[in-house]
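K.L.:
Sharing a model prediction with you, sequence too.
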Amino acid sequence: MDNISAFQANLNQIREEHRLKFNQLQTQAAKSSESSTTNKRPYTSISSLADEIIDIKKPPPQVNSGSDSDSSIECLGVFPSTSTSTSTSTSTSMSTSTSKSTSTVTATATIPPQTLTVMTWNVWFDETHVAERMKSIAAITAKHSVDVLLLQELTDSLLQTLGPELKNRGYTLHLQQQRGSYFVGIAIRATTDITITTIGTKTFDDSNQGRGLLFAVLKLPSNMGNSEIMVSTSHLESYVKEMADKNSAIRANQLQLVERFCKAFVANKPSITSVIFGGDCNWDDYKIKSSKRTLSDRKMSEVLTEWSDAWLNSSRDEHKEPGYTYDPKTNPMLGLKGSLRRRFDRILFDKKSLMQPFKVEVVGMPIITDCFRQKFNPFTHKYSDEKFPVVASDHFPFLTIFQTTPT
């Protein structure tokens, strides 16, 4: 009984350390937001999905404090860009990498000429070797010529390096403005002549962790179909052991809300021909046949009504190619041990979209030279003597190439 009490005490201490760290990050974010207010355009409420579509090339109107508009939907302020993009948005950019990947699953096919490459990546809010990891993230993104990068677990600390690295390689970065300890973002490769006509957020009222949706409407150039698409990202409610069932239900509600919201938005803007969502869904609906553990979530296909999962859409056998994006057995930074192997990170698309997945890939991450990580032991409150190699994140990025058809 003493061992159990000690274990519970250790867990409580770890939770408290995390809470204090999150509060510290939140305070830093608030200070950063206050100090940079003069460089940002004001927020604008979208009072109607059908009637008020914000053109970000024009200064948005001032917020009317007496408005009865829907406060749960907000249009983000747009940062000035110093890149060569035709869009007037926040910039950030990427570098190249020739290092060997640690884990890759790729479909073998020739890429058609009219494609859009979308990648989702939880970049890990941790402070471990931040500069080196963020440079690696930028390098991997550029190596794969990603057009739309969907990011989760961003912090102001990470952005100090990741922002300039992306910007220098021609990426425009849009951030979730109202945010908690960490937040999400969407980066667009400016060299593709993709422009953003609308960007905004949708809050999750049922979230206990400050989660929400960041979405954007993109205008594609003529060589990519000359149409508009809607892309979005989120970090759905995380697993908490004491609230496992409740948080699973919250995740399902959040995902259904995203699907309904995008459907309603597109219904009032028929120029949008495709809808793509990517993010850390924290979803646990698969296990190997020999596993006896209980799944946390229902099959995602039972929750969604009109969207498909890009990985499963590629006709993969989950038992042979499970597509793990969080995997201690293949990610050396996690210690090459553990059973928490999950396909947390997913890209979804509307079944009626003109864009359809052509290729999917769990992208590998090269080991970062001369960087090591020591794991913290919650029982001894000490760091291990064993040092583990460092890679860009605790999650592998997941990439999907969509094939587009000219209109």
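P.N.:
Looks like it arrived, so ask away.
K.L.:
For the rest of this, base every contact and every neighbour count on C-alpha atoms.
P.N.:
OK.
K.L.:
Residue ranges in the stretch 1-150 of the chain under the pLDDT threshold?
P.N.:
Within the stretch 1-150 of the chain, the segments meeting pLDDT under 70 span 1-113.
K.L.:
at 50 what do you get?
P.N.:
Along the stretch 1-150 of the chain, segments meeting pLDDT under 50 span 1, 3-20, 22-23, 25-109.
K.L.:
Now name the helix or strand holding Arg373.
P.N.:
Assigned by DSSP states H and E, Arg373 belongs to strand 372-377.
K.L.:
for the very next helix or strand once past that strand, which positions count as buried?
P.N.:
Next helix or strand after strand 372-377 toward the C-terminus (DSSP H and E): strand 382-389. Using 16 or more other C-alpha atoms under 10 Å as the test for burial, strand 382-389 gives Phe388, Pro389.
K.L.:
what sits up against stretch 344-355?
P.N.:
Defining contact as C-alpha atoms under 8 Å, 6 or more residues apart in numbering, one finds that stretch 344-355 is touched by 120-122, 273-284, 306-311, 324-326, 356, 397-398, 400, 402-405.
K.L.:
So which of these belong to strands?
P.N.:
Under the assignment DSSP state E, the contacts of stretch 344-355 contribute 120-122, 273-280, 307-309, 356, 398, 400, 402-403 to strands.
K.L.:
Could you give me the PyMOL syntax to select whichever of the contacts of stretch 344-355 are buried?
P.N.:
This is the PyMOL syntax for the buried subset of these, where burial follows 16+ other C-alpha under 10 Å:
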select buried, resi 120+121+122+273+274+275+276+277+278+279+280+281+282+283+284+307+308+309+310+311+324+325+326+356+397+398+400+402+403+404+405
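K.L.:
ok, back up a step: show me what the strand holding Arg373 is packed up against.
P.N.:
When contacts are defined as 3 or more C-alpha pairs under 8 Å, 6 or more residues apart in numbering; DSSP states H and E, strand 372-377 packs onto strand 382-389.
K.L.:
got the contact list for the strand it packs on?
P.N.:
Identification of contacts with strand 382-389 by C-alpha under 8 Å, 6+ apart yields 332-335, 367-368, 371-377.
K.L.:
of those, buried ones?
P.N.:
Taking 16+ other C-alpha under 10 Å as the criterion, what is buried in the contacts of strand 382-389 is Pro332, Met333, Leu334, Gly335, Ile367, Ile368, Phe372, Arg373, Gln374.
K.L.:
Among those, show me the least confident.
P.N.:
Across the set of the buried ones among the contacts of strand 382-389, Gly335 stands lowest in pLDDT, at 78.
K.L.:
Quick one: residues contacting that one.
P.N.:
Contacts of Gly335 by C-alpha under 8 Å, 6+ apart are Pro328, Lys329, Phe388.
K.L.:
Turn those into a markdown table, columns for pLDDT and distance to Ala190.
P.N.:
Supplementary listing: those in a markdown table, determined by pLDDT from 0 to 100; distance: C-alpha to C-alpha, whole Å:
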| residue | pLDDT | distance to Ala190 |
| --- | --- | --- |
| Pro328 | 91 | 35 |
| Lys329 | 90 | 36 |
| Phe388 | 92 | 36 |
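K.L.:
quick check, nearest of those residues to Gln176?
P.N.:
Nearest to Gln176 among the contacts of Gly335: Pro328, at 29.4 Å, using C-alpha to C-alpha.
K.L.:
Mind jotting down where the strands sit in the stretch 201-350 of the chain?
P.N.:
Assigned by DSSP state E, counting those that start in this stretch, the stretch 201-350 of the chain shows strands spanning 212-219, 228-235, 272-280, 307-309, 345-350.
K.L.:
Direction included, what does the longest one pair up with?
P.N.:
What it means is strand 272-280. strand 228-235 (parallel), strand 345-350 (antiparallel) (DSSP bridges).
K.L.:
As TSV, those with mean neighbour count and distance to Gly185 would be great.
P.N.:
Shown next, in TSV, are the strands paired with strand 272-280 (neighbours: other C-alpha atoms under 10 Å; distance: least, C-alpha to C-alpha, whole Å):
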stretch	mean neighbour count	distance to Gly185
strand 228-235	24	8
strand 345-350	24	15
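K.L.:
Reformat the ones you listed as JSON lines; add distance to Tyr182 and mean pLDDT.
P.N.:
Formatted as JSON lines, the strands paired with strand 272-280 follow (distance: least, C-alpha to C-alpha, whole Å; pLDDT from 0 to 100):
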{"stretch": "strand 228-235", "distance to Tyr182": "10", "mean pLDDT": "96"}
{"stretch": "strand 345-350", "distance to Tyr182": "17", "mean pLDDT": "97"}
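K.L.:
now those as a markdown table including distance to Ile186?
P.N.:
A markdown table is the format used below for the strands paired with strand 272-280 (distance: least, C-alpha to C-alpha, whole Å):
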| stretch | distance to Ile186 |
| --- | --- |
| strand 228-235 | 8 |
| strand 345-350 | 14 |
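K.L.:
With adjacent residues omitted, what lies nearest to Met355?
P.N.:
Thr404 (5.1 Å; C-alpha to C-alpha, 6 or more residues apart in numbering).
K.L.:
is it true that that neighbour touches Thr115?
P.N.:
Yes - with contact defined as C-alpha atoms under 8 Å, Thr404 reaches Thr115; the gap is 5.4 Å.
K.L.:
any residues in contact with both of these two?
P.N.:
By C-alpha under 8 Å, 6+ apart, the residues touching both Thr404 and Thr115 are Met224.
K.L.:
how close does Lys263 sit to Glu228?
P.N.:
Using C-alpha to C-alpha, to the nearest Å, Lys263 is found at 14 Å from Glu228.
K.L.:
need the contact list for Asn282.
P.N.:
With the criterion set at C-alpha under 8 Å, 6+ apart, Asn282 makes contact with His235, Leu236, Glu237, Ser238, Tyr239, Phe344, Asp345.
K.L.:
Tabulate the residues you listed in a markdown table, adding columns for distance to Lys135.
P.N.:
Putting those into a markdown table (distance: C-alpha to C-alpha, whole Å) gives the following:
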| residue | distance to Lys135 |
| --- | --- |
| His235 | 22 |
| Leu236 | 26 |
| Glu237 | 28 |
| Ser238 | 26 |
| Tyr239 | 29 |
| Phe344 | 23 |
| Asp345 | 21 |
